[in-house]
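Novice: Test case, fold it:
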Amino acid sequence: MIGILQGTILQRRPPWLLLDVQGVGYEVEMPLSSFYDMPADGSPLRLFTHLAIREDAHLLYGFLNAAERDLFRQLIRVNGIGGKVALACLSGLEEGHLRQALIDGNTRVLTAIPGIGAKTAERMVMELRDKLGDTSPDSSGSSLPGDPRQEAIAALLSLGYRQAEASQAMARLDGGLAVEELIRQGLQILARR
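Specialist: Model (predicted):
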């Protein structure tokens, strides 16, 4: 499997990028949003890649960071979502916003992406919500290990609350509290619902 390519940008034809890696030109399909953050032609570039082998083609997908590639891999595991639709999702929404929409079950945001209907959006949420919940940052944007909010969210998840509920409860609390106090106050907020 090809996991990373590092080379020189030869040509852009969104959604395709031609990357020269030591004399070999790799044609890589990428989210359209990636082209805005890319350096000029002739510049060096490092891509995280996913190789899909089908009967009729070998398709190489490229991403500017590992988080995008990981989310792409989660998306293509959903029944009915292929590489093209997964790229459309990452083209339509920034990786963090797409991840949060899936965790929150926000099908309205998902159906705004071309190619995603109501049933597909619901299936995506149903299959990915719990898988993405452990790796997403909370509403404060911090995902560092040992972060009190993350520890409190993990505790609430272990008690059976959903990721979206736990994150929303933590967003209402002061970030300077100890983990135990965050959990206690978070449970109070959730009990009032």
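Novice: Least confident secondary structure element in the protein?
Specialist: helix 148-158 (a mean of 77; mean pLDDT, DSSP states H and E).
Novice: From the chain's centroid, how far away is that one?
Specialist: On the basis of C-alpha atoms, centre = their mean, to the nearest Å, helix 148-158 sits 20 Å off its chain's mean C-alpha point.
Novice: name the element L59 belongs to?
Specialist: Using DSSP states H and E, L59 sits within strand 58-63.
Novice: where does P44 fall, phi/psi-wise?
Specialist: Note on P44: its backbone torsions stand at phi -70, psi 150 [degrees, to the nearest 10].
Novice: I meant P14, not that one.
Specialist: Here is the backbone geometry of P14 (degrees, to the nearest 10): phi -50, psi 130.
Novice: Hmm, it is touching P31, no?
Specialist: No. With contact defined as C-beta atoms under 8 Å, P14 does not count as touching P31 (9.4 Å). Where you see a C-beta, it was placed from the backbone N, CA and C, and this is true even at glycine.
Novice: Settle it for me: which of the two has more neighbours?
Specialist: Higher neighbour count among P14 and P31: P31, with 25 against 14, using other C-beta atoms under 10 Å.
Novice: elements contacting the following helix or strand past the strand holding L59?
Specialist: Using DSSP H and E, the next helix or strand after strand 58-63 towards the C-terminus is helix 66-76. Contacts defined by 3 or more C-beta pairs under 8 Å, 6 or more residues apart in numbering; DSSP states H and E place helix 66-76 against strand 44-53, strand 58-63, helix 83-92, helix 95-104, helix 118-133.
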